[in-house]
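S.K.: Got a predicted structure plus its sequence, pasted below:
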Amino acid sequence: MRKAFICPSKYVQGENELYNLGYFVRLFGKSALLIAHPDDVKRVQTQLDTTAEKFKVTFVPCNFTGECSREEVVQLQALAKANKCDCIIGLGGGKAIDTAKCVNAAKSRLIIVPTIAATDAPTSHSAVLYTPEGAFDDYAYFTSPDVVLIDTSVIAKAPARFLISGMGDALSTYFEARANTLSNRPVNAGLPCGVREKKTPAAVATRTAFALASLCYDTLLSDGYKALLACEGNVVTPALENIIEANILLSGLGFESGGLAAAHAIHDGLTVLEETHRYFHGEKVAFGTLCQLVLENAPQEEIDEVIEFCITVGLPVCLADLGVEDIGDRLQEVAEKACIPEESVHNMNFPVTPAMVAAAIVTADKIGANAKYCGCGCDDED
C-alpha cells in the first residue's frame, strides 16, 4: 500500500521570533521578495527593519493586491526575477501565504510567516487560486515551505477571533483523519507539484499523520479556553503556545497527510448561503464537524464533548450562529454542493448522498441549538 506524508523543512515558533527572519533569509542569500498586505507590514515594520539591519538582508516590497490570482502571481514572479531575489516570503494571512507558494513555483526558496493563527494553511503545500475579482479559480500543489516562522508575540496581539477560527479549523482534523483511516482514501500529501492532476498514483494516510491529528484534538480540549483568555489579554502563555502549534502545525500536517472528509465538504456547501460569507473558514468548519459526527452517527458523548468545547471558546454550534435564521429550500443546494464528485465528503467510509448531508445539517443544527439554549448551562441566562 502506498502511503505519503508531507511537511515543511523547518518549523520555528517562539516569542519575538520575527527578529530572526533575516537569519533564515541568509540561509538562502541576501534578498527576499516580501509578499504581504501593507497593513500586515505596518504591524511588524519595526521587527522587519531590525532584522534586515542585523542580518544585512534586503526585503523587496511589492504592491500586493490582496488576491491570490494567476495574474498577480505572474507579476510577482517577474518582480522577484528582476530583483534577483534569493527567496520568497509570504507574511500575513492566507491570501499572502498562498500567493507566496504560487510565486515560489519558479523554484526559489520559500519562507512562510503567518501573523494570525486562523487556519492551518502555513505548513501546507497547497494553495487556492482566485480570479482578480475574487471568484474561486483552482487548487494548486507545490513543494512544502522551506521555513515556517511563527512569532507568538505577533499572534497574541491579533484579534482573538482569528485564534478561535483556527481552533475551529483544527477541530475537524482528528475526525476527518479518522474517517480517512477507516476508508483508506487518498490524501493530499500524495499529490504532485503544480495544478491538481487527475491521474496520480493514490497514497493513503500514515499512522504518523493520525497520531498528530489525535494530539491536535487533545490539545484543543486541554488548552483551548486558556489560550483564548491569553490572546484576549494580548499575552503569550504556555497554553497559547500550544494552541498556536495545534492550529498551525498539528492541524496542517494532520489535514494534509491525514485527509479531509465531510466537515470541510459541508463548509464548502455552506458557502452558497450569503449570510455565512462574513464568517471565517474555521467557524464554518466547526459546524461542519458537528454535522460530520451526526452523519457518521458518532456516540452522543463525543458529540457532547465537541459541542461543549465549541460553546466554551465561542465557535458556532448551529446555523443561527452562522447568521442563517431560515435555511428553507436552500438546504438542498447546500447539500448538493457538499456532495459534488470532487468533494472530500466522499472520503467517508460509506457512500454519502445529498439527502444524508441535508439530514445531518438539520439534526446537527437542532442538537447544537438545544445544547446552547435548553438549559444545559452553557449559554443559559436563567
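M.R.: Thanks, I have the structure now. Residues are numbered from 1 along each chain as shown.

S.K.: residue ranges for the strands of this protein, please.
M.R.: Remark: strands assigned in the chain by DSSP state E are 11-14, 31-35, 58-61, 87-92, 109-114, 126-130, 136-141, 147-151, 194-195.

S.K.: Rebuild those strands as TSV, extending it with mean pLDDT and distance to residue 294.
M.R.: For every residue, glycine as well, the C-beta is placed using N, CA and C. As requested, the strands of the chain are exported to TSV (pLDDT from 0 to 100; distance: least, Cβ to Cβ, whole Å):
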stretch	mean pLDDT	distance to residue 294
strand 11-14	98	34
strand 31-35	97	40
strand 58-61	97	48
strand 87-92	97	36
strand 109-114	97	32
strand 126-130	89	27
strand 136-141	83	27
strand 147-151	98	34
strand 194-195	51	34
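
S.K.: so which of these gets nearest residue 179?
M.R.: Among the strands of the chain, strand 126-130 comes nearest to residue 179, with 19.0 Å by Cβ to Cβ.

S.K.: Adding distance to residue 169 and mean neighbour count, write the strands of the chain out as TSV.
M.R.: TSV is the format used below for these (distance: least, Cβ to Cβ, whole Å; neighbours: other Cβ atoms under 10 Å):
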stretch	distance to residue 169	mean neighbour count
strand 11-14	17	16
strand 31-35	22	26
strand 58-61	29	17
strand 87-92	17	28
strand 109-114	13	27
strand 126-130	14	20
strand 136-141	17	16
strand 147-151	16	25
strand 194-195	24	12
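
S.K.: quick one: which of those strands is nearest residue 239?
M.R.: strand 11-14 (14.0 Å).

S.K.: So which elements touch the closest one?
M.R.: If you count contacts as 3 or more Cβ pairs under 8 Å, 6 or more residues apart in numbering; DSSP states H and E, strand 11-14 packs onto strand 147-151, helix 238-245.

S.K.: related to what we said a few turns ago, let me have the strands of the chain in TSV, extended by distance to residue 44.
M.R.: Formatted as TSV, the strands of the chain follow (distance: least, Cβ to Cβ, whole Å):
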stretch	distance to residue 44
strand 11-14	15
strand 31-35	10
strand 58-61	11
strand 87-92	7
strand 109-114	8
strand 126-130	22
strand 136-141	27
strand 147-151	8
strand 194-195	31
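
S.K.: contacting residues around residue 26?
M.R.: 55-57 (Cβ atoms under 8 Å, 6 or more residues apart in numbering).
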